[in-house]
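*Asks:* Give me the fold of what follows.
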Amino acid sequence: MNLVLLTAFLLILPTGPADRAEDREKIRAHIDRIFQAFIHKDAAELRATHDENWLGYLEGSRIVIRGIDAYMAATGQFANPDYGMTGYKMREFDMIFQGDAAFCNFRRRC
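*Replies:* Sure, this is the predicted structure:
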């Protein structure tokens with residue numbers, strides 16, 4: 001499967017040093033944790049990586065998904081064990097900080 005996904009995250013973080021290297025590493029690790037949950041079809045881990053009030057889109061979404069329960073339902077909850085992500089490669093990854101918020105943009109290929 002050759003899917004390309006462009007995604008954006010907005011994360012709220014404590015303010016810190018100007019280069020924010022540690023924050024960048026933590027954000028990248030968190031995104032990897034989400035992908036690993038998809039790869040391992042681990043619904044509990046996937047739920048643990050998202051806030052109760054999650055808001056956004058998933059691949060193929062036509063409307064905004066609101067809340068963790070709607071997010072989990074939109075993922076299909078790994079209903080078909082023969083289908084889904086088996087790996088990924090991060091094609092682009094960058095972020096900007098504004099105060100205590102980070103806007104993260106990335107493109108990955110499955």
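*Asks:* what about the most centrally placed residue in the chain, distance to I63?
*Replies:* Taking CA atoms, centre = their mean, the centroid of the chain lies closest to I31, which sits 4.9 Å from it. Using CB to CB, to the nearest Å, I31 is found at 23 Å from I63. For every residue, glycine as well, the C-beta is placed using N, CA and C.
*Asks:* quick one, helices of the chain?
*Replies:* Shown for the chain, the helices assigned by DSSP state H span residues 21-39, 43-48, 68-75.
*Asks:* Just put these in JSON lines and tack on mean pLDDT and distance to F97.
*Replies:* Converted to JSON lines, these look like this (pLDDT from 0 to 100; distance: least, CB to CB, whole Å):
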{"stretch": "helix 21-39", "mean pLDDT": "92", "distance to F97": "7"}
{"stretch": "helix 43-48", "mean pLDDT": "94", "distance to F97": "25"}
{"stretch": "helix 68-75", "mean pLDDT": "92", "distance to F97": "25"}
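*Asks:* Which one, of those helices, ends up nearest to M85?
*Replies:* Nearest to M85, of all the helices of the chain, is helix 21-39, at 4.4 Å by CB to CB.
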